[in-house]
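Got a sequence here, can you model it:
(one chain, ligands or ions: 1)
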Amino acid sequence: MELDDYRRTSFESWEAMAPGWERQRAQLEKISAPVREWLIEKLAPKSGDTVLELAAGPGDTGFAAAALVGPSGRLISTDLSPGMVEVARRRAAELGLENVEHRVMDAERIELADDAVDGVLCRWGYMLMADPAAALAETRRVLRPGGRLVLAVWGAAERNPWVSIAGRMLVERGLVPPPEPDAPGMFSMAGERTRALLEDAGFTVGRLEEVPVRFVYRDVDDYVLRAQDTGGMFARVWREASAEEHATMRAELADSFAPFAVEGGFELPGVALAAVAS
Ligand SMILES: C[S@@+](CC[C@H](N)C(=O)[O-])C[C@H]1O[C@@H](n2cnc3c(N)ncnc32)[C@H](O)[C@@H]1O
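Below you'll find the predicted structure:
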């Protein structure tokens with residue numbers, strides 16, 4: 001797919017998914033907490049800092065930083081999707097945060113001056129962007145010298161059965177095309193690519209570590225409901241599939257999830273790759 005086609009499709013898909021992400025926000029944040037904690041600890045924002053969050057989605061990672069920078073500091077919480085920005089705005093209000101500026105912004109074209117911020121956060125964003133190198137160059141430009149970037153992407157597909165089992169099933173059934181190497185996607189920054197992209201953008205990489213997460217589901221129906229709410233491709237395929245195909249896919253997922261059965265459901269593991277750079 002041409003990059004501009006990808007950008008358009010990605011925008012439409014995230015806009016469509018914003019309500020689902022709002023419905024699943026608390027659940028997603030519980031699962032993602034180890035990654036949020038890693039990123040905030042490494043960013044170590046100080047009172048008075050200005051922190052930029054890119055691809056913030058519902059915004060919770062940045063809101064943890066907002067609490068630390070205090071009333072003299074500021075969080076600029078941004079996302080490409082206006083719908084997601086509204087989700088984040090409602091969440092910040094619920095948390096009573098008053099030092100957050102919400103903005104619709106494409107991370108490939110950051111609308112801020114050079115050296116404008118003390119820190120940048122981005123959890124599960126860069127690997128989905130059409131041109132992550134451009135987004136990282138923009139990040140470098142707006143980050144003041146000595147400021148820190150903390151980011152998380154996903155590790156390799158085989159380390160993330162919570163999403164790759166279903167993804168493989170859709171590919172094997174011919175319902176979605178196989179992923180192209182290095183094309184934007186969930187696993188496109190696994191392995192050494194994250195370090196290479198950071199260094200090419202002029203960053204010095206500090207820690208680059210795996211952070212495990214665990215996705216817990218009551219049963220296959222719970223998995224399917226949550227995947228429809230949060231996964232654009234899964235939602236589209238499921239919407240277009242017949243009742244018979246649904247039954248076949250549910251049975252296949254049940255078989256594949258069997259090794260991950262725990263009391264009360266399934267626990268599917270995942271591995272994020274988290275980095276701090278300056
Ligand atoms: C997987 S979600 C992650 C949301 C949030 N960071 C979290 O950890 O829960 C990816 C987010 O990236 C946003 N996004 C995708 N491409 C973007 C771009 N080029 N610039 C800014 N945000 C983008 C989407 O709208 C979506 O909210």
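
The one helix or strand in the chain whose mean pLDDT sits lowest close to the ligand?
When the helices and strands of the chain are scored by mean pLDDT, DSSP states H and E, helix 232-240 comes last with a mean of 92. No - Helix 232-240 is not in contact with the ligand by Cβ under 6 Å from any ligand atom; minimum separation 9.8 Å. Bear in mind the C-beta positions are built from the backbone N, C-alpha and C, glycine included.

List the buried residues for the helix or strand just after that helix?
As assigned by DSSP states H and E, the chain's next helix or strand after helix 232-240 is helix 243-257. By neighbour count on 16 or more other Cβ atoms under 10 Å, the buried set for helix 243-257 is 249, 252-253, 256-257.

before we move on, what about stretch 19-32?
Those would be 20-22, 24-25, 28-29, 32, for stretch 19-32 by 16+ other Cβ under 10 Å.

Can you list the residue ranges for strands in this structure?
50-53, 74-79, 100-104, 117-123, 143-154, 205-217, 261-262, 265-277 (DSSP state E).

what's the angle between the second one and strand 117-123?
Looking back up the chat, that one is strand 74-79. 40 degrees (axes from the mean of the first three to the mean of the last three Cα atoms, to 10 degrees).

helices or strands up against strand 74-79?
Helices and strands touching strand 74-79, by 3 or more Cβ pairs under 8 Å, 6 or more residues apart in numbering; DSSP states H and E, are strand 50-53, helix 60-69, helix 82-95, strand 100-104.

In CSV: the ones you listed, plus mean neighbour count and mean pLDDT.
Compiled in CSV, the helices and strands packed on strand 74-79 are given as follows (neighbours: other Cβ atoms under 10 Å; pLDDT from 0 to 100):
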stretch, mean neighbour count, mean pLDDT
strand 50-53, 26, 98
helix 60-69, 22, 98
helix 82-95, 18, 98
strand 100-104, 17, 98
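
List the single closest residue to the residue in the stretch 1-150 of the chain positioned nearest to the ligand in space, sequence neighbours excluded.
Proximity of the stretch 1-150 of the chain to the ligand (Cβ to the nearest ligand atom) peaks at G57, 2.4 Å away. In this structure, G57 finds its nearest non-sequential neighbour in M84, 5.4 Å apart by Cβ to Cβ, 6 or more residues apart in numbering.

what sits against that neighbour?
14-15, 18, 21, 56-58 (Cβ atoms under 8 Å, 6 or more residues apart in numbering).

most surrounded residue in those?
Neighbours here mean other Cβ atoms under 10 Å. Within these, the largest count is held by A56, at 32 neighbours.

The residue of the stretch 151-278 of the chain found nearest the ligand - how many residues pack around it?
In the stretch 151-278 of the chain, the residue that lies nearest the ligand is A152 (7.5 Å; Cβ to the nearest ligand atom). A total of 27 residues lie near A152 under the criterion other Cβ under 10 Å.

Quick check: it vs L273, distance?
Note on A152: its distance to L273, by Cβ to Cβ, to the nearest Å, is 7 Å.

Please identify every residue contacting each of the two.
Common neighbours of A152 and L273, counting by Cβ under 8 Å, 6+ apart, are V211.

Let's have the helices and strands packed on strand 74-79 in JSON lines, adding distance to M129.
JSON lines is the format used below for the helices and strands packed on strand 74-79 (distance: least, Cβ to Cβ, whole Å):
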{"stretch": "strand 50-53", "distance to M129": "15"}
{"stretch": "helix 60-69", "distance to M129": "17"}
{"stretch": "helix 82-95", "distance to M129": "14"}
{"stretch": "strand 100-104", "distance to M129": "15"}
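
Sweet, I'm off.
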